[in-house]
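Trainee: can't give you the sequence, but here's the structure:
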């Protein structure tokens, strides 16, 4: 839908530019519930005393990469990154715990049903275990290559 709107806006902009109308566009983003993003695109076209406004809203959600249910982990066993990459992995669990990224010594609190983004800069090479710290449940390995 976003592609169609962008294409439609481009066509309207070309048509209105040829007809001498004044056109303004704007985009706004709002974060909702930490993983859902809503984007509204607005275009206003003015010809003489007539103003027409077109608006479209699209909503996207970050994908959940790893889930934990009753101690069972579903998701890739290993994520690979290059030095300098910005790591972003989403975890959803049915328990309260702390996610520990070994080797980086970063921790992320997780609550039942609330997705958590594990985010850090991959600046240390190696293979590092990521686990639910208190329950000692391995989630996956993070491989960082030079």
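Mentor: Alright, I've got the coordinates. Just so it is clear, the structure is predicted and the values come from calculations on it, not from any experiment.
Trainee: every contact and neighbour count from this point should use C-alpha atoms.
Mentor: OK.
Trainee: which residue ranges make up each domain of this protein?
Mentor: Domains of the chain are assigned by automatic domain parsing as 2-61, 66-145.
Trainee: neighbours of residue 99, how many?
Mentor: Residue 99: 24 surrounding residues under other Cα atoms under 10 Å.
Trainee: partner residues bridging it?
Mentor: Per DSSP bridges, the residues bridged to residue 99 are residue 108, residue 132.
Trainee: now do it against residue 146, distance only.
Mentor: Distance, residue 99 to residue 146, using Cα to Cα, to the nearest Å: 25 Å.
Trainee: how much space between residue 82 and residue 125?
Mentor: 8 Å.
Trainee: mutual contacts of the two, please.
Mentor: Taking Cα atoms under 8 Å, 6 or more residues apart in numbering as the contact rule, residue 82 and residue 125 both touch 144, 145, 146.
Trainee: pLDDT check: weakest of those?
Mentor: Lowest in pLDDT among the shared contacts of residue 82 and residue 125 is residue 146, which has 93.
Trainee: low-confidence ranges in the chain?
Mentor: The chain contains residues with pLDDT under 70 at 1-48, 50-62.
Trainee: tell me where it has helices.
Mentor: Assigned by DSSP state H, the helices in the chain fall at 2-19.
Trainee: what ranges does it have for its strands?
Mentor: Counting by DSSP state E, the chain has strands at residues 22-32, 36-47, 50-61, 66-69, 72-74, 78-82, 86-93, 97-101, 106-110, 116-121, 126-132, 137-145.
Trainee: now do the contacts for the closest residue to residue 139 other than its chain neighbours.
Mentor: With sequence-adjacent residues excluded and distances taken as Cα to Cα, 6 or more residues apart in numbering, residue 139 is closest to residue 131, at 4.9 Å. Residues in contact with residue 131 (Cα under 8 Å, 6+ apart) are 99, 100, 101, 137, 138, 139, 140.
Trainee: and the closest residue to residue 135 other than its chain neighbours, how far from residue 130?
Mentor: Of all residues beyond its chain neighbours, the one nearest residue 135 is residue 97 (7.5 Å), with distances taken as Cα to Cα, 6+ apart. Per Cα to Cα, residue 97 is found 13 Å from residue 130.
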